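>>> Provided below for reference: sequence and predicted model.
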Amino acid sequence: MLDSRRRRSKDTISDSPSDLFEMESEVFKTMFEIPQGDTSAEGETDESPIVLPSVSVPEMEVLLKFFYFR
């Protein structure tokens, strides 16, 4: 099973495999490797999504399409 994370763009939460982001971004790769202690890791639940405040919903959709269909 793929490890997936939730991301919030504006008021929309999307769920996608972490591998897609780790392959293309050292920032996400490092973030997913950092131990979270006793709390849920950022992005593991809808209550603690990875917040991307400057990314619009259409921009996130284009990014995910790029990852999936290239």
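That came through, no problem.
>>> where does this structure dip in pLDDT?
Scanning the chain for pLDDT under 70 picks out 1-3, 35-37, 40, 70.
>>> go again with 50.
1 (pLDDT under 50).
>>> strands along that one, start to end?
Assigned by DSSP state E, the strands in the chain fall at 4-9, 12-17, 50-51.
>>> so of those, which one's packed in deepest?
Greatest average neighbour count among the strands of the chain goes to strand 4-9 (a mean of 20), per mean count of other CB atoms under 10 Å. C-beta: built from backbone N, CA, C; applies to glycine.
>>> so how far is it off the chain centroid?
4 Å (CA atoms, centre = their mean, to the nearest Å).
>>> now swap in stretch 61-70 and tell me
That offset, for stretch 61-70, works out to 13 Å (CA atoms, centre = their mean).
>>> thinking again about what came up before, which one of the strands of the chain lies nearest to Met60?
Met60 sits nearest to strand 4-9 of all these, at 4.3 Å, using CB to CB.
>>> quick one on the thing from earlier: as a markdown table, the strands of the chain with distance to Glu33 would be great.
Output for these, formatted as a markdown table (distance: least, CB to CB, whole Å):
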| stretch | distance to Glu33 |
| --- | --- |
| strand 4-9 | 13 |
| strand 12-17 | 16 |
| strand 50-51 | 14 |
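>>> and of those strands, who's closest to Val62?
Among these, if distance is taken as CB to CB, the winner is strand 4-9, at 11.0 Å.
>>> just want the angle from the closest one to strand 12-17.
Calculated by axes from the mean of the first three to the mean of the last three CA atoms, to 10 degrees, strand 4-9 forms an angle of 150 degrees with strand 12-17.
>>> can you list contacts of strand 4-9?
Applying CB atoms under 8 Å, 6 or more residues apart in numbering, the external contacts of strand 4-9 come out as 13-18, 21, 32, 42-46, 48-52, 55-57, 59-60.
>>> the same query, at a cut-off of 7 Å, please.
13-18, 43-46, 49-52, 55-57, 60 (CB atoms under 7 Å, 6 or more residues apart in numbering).
>>> CA atoms of stretch 14-26 as PDB?
Extracted C-alpha coordinates of stretch 14-26, given in PDB (Å, rounded to 0.1, in the frame of the first residue of the first chain):
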ATOM      1  CA  SER A  14      -6.700  16.300  -1.600                       C
ATOM      2  CA  ASP A  15      -5.100  12.900  -0.900                       C
ATOM      3  CA  SER A  16      -2.300  11.600  -3.000                       C
ATOM      4  CA  PRO A  17       0.700   9.200  -2.700                       C
ATOM      5  CA  SER A  18       3.600  10.800  -0.900                       C
ATOM      6  CA  ASP A  19       6.000   9.200  -3.400                       C
ATOM      7  CA  LEU A  20       5.000  11.600  -6.100                       C
ATOM      8  CA  PHE A  21       6.000  14.600  -3.900                       C
ATOM      9  CA  GLU A  22       9.200  12.900  -2.500                       C
ATOM     10  CA  MET A  23      10.500  12.200  -6.000                       C
ATOM     11  CA  GLU A  24      10.200  15.800  -7.100                       C
ATOM     12  CA  SER A  25      10.900  17.800  -4.000                       C
ATOM     13  CA  GLU A  26      13.700  17.500  -1.400                       C
END
